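Novice: predicted structure and sequence below. I'll ask about it afterward.
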Protein chains: 2
Amino acid sequence: MVTTSLSLTEIARNTQIAARQLAILSTDERNAALDAIAQALESATPEIVTANEADCQVAKQEGISQALFSRLKLGAAKLKAGIEGVRDVKKLSDPVGTVQIHRELGTGLVLKRFTCPLGVLGVIFEARPDALIQITSLAIKSGNGVILKAGKEATKTCQALVTIIHKALAETKVNPDVVQLLTTREEIRALLDLDEYVDLIIPRGSNAFVRYIQDNTKIPVLGHADGICHLYIDRSANLEKAISITVDSKTQYPAACNAIETLLVHRDIAYKFLPLVAEALQDKQVELRGDVITQEVINISAATEEDWSTEYSDLILSIKVVESLEEAILHINTYGSKHTEAIVTEDEQAAEIFCSQVDAAGVFKNCSTRFADGFRYGFGAEVGISTQKMPPRGPVGLEGLVTYKYKIVGDGHIVATYAGDDAKPFTHRDLE
Amino acid sequence: MVTTSLSLTEIARNTQIAARQLAILSTDERNAALDAIAQALESATPEIVTANEADCQVAKQEGISQALFSRLKLGAAKLKAGIEGVRDVKKLSDPVGTVQIHRELGTGLVLKRFTCPLGVLGVIFEARPDALIQITSLAIKSGNGVILKAGKEATKTCQALVTIIHKALAETKVNPDVVQLLTTREEIRALLDLDEYVDLIIPRGSNAFVRYIQDNTKIPVLGHADGICHLYIDRSANLEKAISITVDSKTQYPAACNAIETLLVHRDIAYKFLPLVAEALQDKQVELRGDVITQEVINISAATEEDWSTEYSDLILSIKVVESLEEAILHINTYGSKHTEAIVTEDEQAAEIFCSQVDAAGVFKNCSTRFADGFRYGFGAEVGISTQKMPPRGPVGLEGLVTYKYKIVGDGHIVATYAGDDAKPFTHRDLE
């Protein structure tokens, strides 16, 4: 059984202790633990599938939506893909121990800055058991402990998974306490207060949920509440590309945070472009809402002020005609959530101005906003997308799970030697 | 006059607009603005000195302490050094526009990650007018707007400085609105609520003040409340180095955050080392407080539990004898503020364990904790020292004032091409 009688604080303290041991293991030792987990999950496939069937049955009785049910369901095929994922994470390059600065400060006094694990992650996610497998792999790969809280519908599956993971880790150099599972909703609130033990919270879920987390903890939060992305069709756009990019950005996966919510169209091409794009979008069952000028050109319902700040996460798109590139940029900087913003144009200068003046993690020219994604960027794995200004920003791979330390090695060096009237100068010579 | 009738929100909005214009200026244009500021401050030296004398006179009448007075005082010589500082900042390499990732995602689809300014900084500092000059230079160099709030004792000097800086900027490509001065304490609280306009708060001041800021804003805060640093003298320490490093770490500048507050001594060398180090420290007027075992060896007053978590910022040092390296690490990870921690040892393995298991921004072997400083690290300028886990961590140079953006350039690329059964594979080829 995973459930224990320890208090959450004791669990967190144990995780921190185990994580500090994990932090000093070698790349090979962490990779060996990932192998052991993959192997154990493979062997325990029937057990996991059975636990998941029990969860699915209860969820069905409680009338879970089809979308949630398909996320919860962990058949043998999806589990196999998850296990493949563990082995993929193992193959990623080690984010720990990268030397970022290596510098002689003075004779015999050497500074190194190198990456190291953050400590303990708190990850709160939906009723998707395969996410547990992925998050655990990423945590161990990056040398971090992890306290997991999954949607309650997945409790039995998650307990089975963590029991198997613990057994697998017990045979490796990694202390099983690095992975912990919480099973009650009340524990989320308590987790948010554990800033002494938890170094980063990664929430997945609705905008309102993420905002609740952000507003109720001192622990840094990696994630984003809103994904209000725009596509701006410039006067110099190629209309064929513009239509194709609009349709992809809206419909390729409308529930994604990088799908667009508002289309901005330059007035000079609005009369030509709007009827064409409306037809293409309506073919895909997209409901359109337009400002006054848009409504003069195509027959759609009205967009209100509220539409400009709404993330539909659905097949709905608001449209606004703008007088200029500057108005488009101003609209985006006012209503956008600093996630991903795109321009379609053949005018190099307009693209330059757009990409430098729009304040967002992603600024794209002549391509779909849907490319904003850690896998598509080549990060191998994505731990979240951040819309804050400070790094890590945008899609975050393993590098978001590490920090760095400064190490100085001397031989009795003191600052008094380098201060005052006879101060010895620093050499500040970068080393190989 | 700098004082205006605009509301703080309007001021912040104007700063944001001006900062967005500044963000797209070239390196040369930003450097030219720094030249203009240095030139203007040079020409206006008498005016600045006069304004400062007025501040100093009021401060004296109000009975300001000698330490604060010497920070407030801005004579011609200190001003000259400040102006040299502006020219030094100009010479630093441009933190903006550095390409961090350049990668082909697919044929004709190219991703770039490059550094860009954060936006608007809110900097709250003591009554040190030379700090205003330095902060303004760093902000313009890094392409950011800055809202400044200095200690009230320096109001006249700061108003004079900002008036001169505004006049100088008016002759350059930089909109003078990038630099704003607040003059009342009430505005600090209001500033903390402006998360829509202000991207980073940098507070300088007492621990209690920094903690107040951290607890009362959603804006990221760069800084640290406490600086509780330790020096651990291992059983294998060279005693001569140990004494010299202890004296330097405690007395070279006891008010600094990187000075030590607690000395940890391995039991095996305590009887030999403690009398020697006590003599050296008492020669420098350091008050010593020890745990029970320390008191058995040297005649000093008792350290209480409270001492282990106190930042004296003064010539006081607590001393504790530990049974092992592990106990030293545990004490540091319990009471330290994750700032800078040092070990003195000739045992390479003990140093390795210490540096990897101690959780702090700086881990030093055989040198003084006082080396933890942006200038000493060769960053050219220091904007603050951060004790948080996430980067930027430790002494932060100009890189702490920039973030990054992802830019993708395509030619009509859509995600549908790279998804589904016929998915085209990504190339993920790093480019020069």
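Specialist: Thanks, I have the structure now. Treat the numbers as computed from the prediction; the structure is a model and nothing was measured.
Novice: all helices of the stretch 51-200 of chain A, in order?
Specialist: A:66-72, A:76-91, A:129-141, A:155-170, A:186-192 (DSSP state H, counting those that start in this stretch).
Novice: which one of the ones you listed lies closest to chain B?
Specialist: helix A:76-91 (13.6 Å; Cβ to the nearest Cβ). Placement of C-beta: from N, CA and C, glycine included.
Novice: OK, contacts around A:Ala256?
Specialist: Contacts for A:Ala256 (Cβ atoms under 8 Å, 6 or more residues apart in numbering or on different chains) come out as A:Gly227, A:Arg370.
Novice: assign it to helix, strand or coil.
Specialist: At A:Ala256 the chain is in coil, as set by DSSP: H, G, I helix; E, B strand; the rest coil.
Novice: and for A:Ile245, the neighbour number?
Specialist: A:Ile245 is flanked by 30 other residues according to other Cβ atoms under 10 Å in any protein chain shown.
Novice: repeat that for A:Leu8.
Specialist: 19.
Novice: list the residues that contact it.
Specialist: Taking Cβ under 8 Å, 6+ apart as the test, what A:Leu8 contacts is A:Leu182, A:Glu187, A:Ala190, A:Leu191, A:Leu194.
Novice: what's the neighbour count on A:Lys218?
Specialist: A:Lys218 - counted by other Cβ under 10 Å - has 11 other residues nearby.
Novice: sorry, back to before: need the max-distance pair from the contacts of A:Leu8.
Specialist: Farthest-apart pair in these is A:Leu182 and A:Leu194; separation 11.2 Å (Cβ to Cβ).
Novice: let me know the closest of the contacts of A:Leu8 to A:Asn14.
Specialist: Nearest to A:Asn14 among the contacts of A:Leu8, with distances taken as Cβ to Cβ, is A:Leu194, at 12.2 Å.
Novice: please parse chain A into its domains.
Specialist: A:8-215, A:229-371 (automatic domain parsing).
Novice: any idea how far the last one is from the middle of the chain?
Specialist: The chain centre lies 24 Å from the centre of domain A:229-371; the measure is Cα atoms, centre = their mean, to the nearest Å.
Novice: could you work out the end-to-end span of that domain for me?
Specialist: Chord length of domain A:229-371, first to last residue, is 12 Å (Cα to Cα, to the nearest Å).
Novice: and what of the longest one?
Specialist: The stretch domain A:8-215 measures 21 Å between its terminal residues, going by Cα to Cα.
Novice: stretch A:216-228 now?
Specialist: So stretch A:216-228: terminal residues 23 Å apart, Cα to Cα.
Novice: pull out the buried positions in that stretch.
Specialist: Neighbour counts over stretch A:216-228 (16 or more other Cβ atoms under 10 Å in any protein chain shown) mark A:Thr217, A:Ile219, A:Pro220, A:Val221, A:Leu222, A:Gly223, A:His224, A:Ala225, A:Asp226, A:Gly227, A:Ile228 as buried.
Novice: just name the lowest-scoring one in those, pLDDT-wise.
Specialist: pLDDT is lowest at A:Ala225 among those; the value there is 77.
Novice: can you pull out the strands in the stretch 301-432 of chain A?
Specialist: A:301-302, A:316-322, A:340-344, A:362-367, A:384-386, A:394-396, A:402-413, A:429-430 (DSSP state E, counting those that start in this stretch).
Novice: ranking those by mean pLDDT, which is last?
Specialist: Across the strands of the stretch 301-432 of chain A, strand A:384-386 gives the lowest mean pLDDT, at a mean of 89.
Novice: can you list the strands that it pairs with?
Specialist: strand A:394-396 (antiparallel) (DSSP bridges).
Novice: which residues touch the partner strand?
Specialist: Contacts with strand A:394-396, where a contact means Cβ under 8 Å, 6+ apart, come from A:222, A:340, A:361-362, A:372-374, A:376-377, A:379, A:382-386, B:405-406.
Novice: one more time with 6 Å, if that's ok
Specialist: A:Ala361, A:Gly362, A:Asp373, A:Gly374, A:Tyr377, A:Glu382, A:Val383, A:Gly384, A:Ile385, A:Ser386, B:Tyr406 (Cβ atoms under 6 Å, 6 or more residues apart in numbering or on different chains).
Novice: of these, which is the nearest to A:Ile64?
Specialist: Nearest to A:Ile64 among the contacts of strand A:394-396: A:Gly384, at 24.9 Å, using Cβ to Cβ.
Novice: check contacts around the closest one.
Specialist: A:Ile202, A:Leu222, A:Gly223, A:Val396.
Novice: returning to that earlier point: how about the contacts of strand A:394-396 in CSV, adding distance to B:Ile17?
Specialist: CSV is the format used below for those (distance: Cβ to Cβ, whole Å):
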residue, distance to B:Ile17
A:Ala361, 21
A:Gly362, 23
A:Asp373, 32
A:Gly374, 33
A:Tyr377, 31
A:Glu382, 34
A:Val383, 34
A:Gly384, 31
A:Ile385, 27
A:Ser386, 25
B:Tyr406, 24
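Novice: what residues does the stretch 251-400 of chain A put near chain B?
Specialist: With Cβ under 6 Å from any Cβ of the partner chain as the criterion, the stretch 251-400 of chain A meets chain B at residues A:252, A:355-356, A:362-368, A:370-371, A:378, A:389-391, A:393-394.
Novice: state the distance from A:Cys257 to chain B.
Specialist: Between A:Cys257 and chain B the distance is 14 Å, computed by Cβ to the nearest Cβ, to the nearest Å.
Novice: could you look up the SS state of the spatially closest residue to that residue that is not a sequence neighbour?
Specialist: Computed as Cβ to Cβ, 6 or more residues apart in numbering or on different chains, the closest residue to A:Cys257 that is not its neighbour in sequence is A:Gly227, at 2.9 Å. Three-state assignment for A:Gly227 (three-state DSSP): coil.
Novice: residues in contact with A:His230?
Specialist: Going by Cβ under 6 Å, 6+ apart, A:His230 touches A:Thr262, A:Leu264, A:Ile332, A:Gly336, A:Glu341.
Novice: try 7 Å
Specialist: The contact partners of A:His230, by Cβ atoms under 7 Å, 6 or more residues apart in numbering or on different chains, come to A:Ile260, A:Thr262, A:Leu264, A:Ile332, A:Gly336, A:Glu341.
Novice: show the pLDDT at the fourth one.
Specialist: Looking back up the chat, that one is A:Ile332. 98.
Novice: wait, doesn't A:Ile219 sit right on A:Val198?
Specialist: Yes - using Cβ atoms under 7 Å, A:Ile219 is in contact with A:Val198, at 5.4 Å.
Novice: SS state for the nearest residue to A:Thr387 once chain neighbours are set aside?
Specialist: Distances taken as Cβ to Cβ, 6+ apart put A:His224 closest to A:Thr387, at 3.9 Å, once the chain neighbours are dropped. Under the three-state scheme (three-state DSSP), A:His224 adopts coil.
Novice: what about A:His224, distance to A:Tyr232?
Specialist: Per Cβ to Cβ, to the nearest Å, A:His224 is found 21 Å from A:Tyr232.
Novice: and the residue of the stretch 1-150 of chain A that's closest to chain B?
Specialist: Closest point on the stretch 1-150 of chain A to chain B, by Cβ to the nearest Cβ, is A:Ile24, at 4.7 Å.
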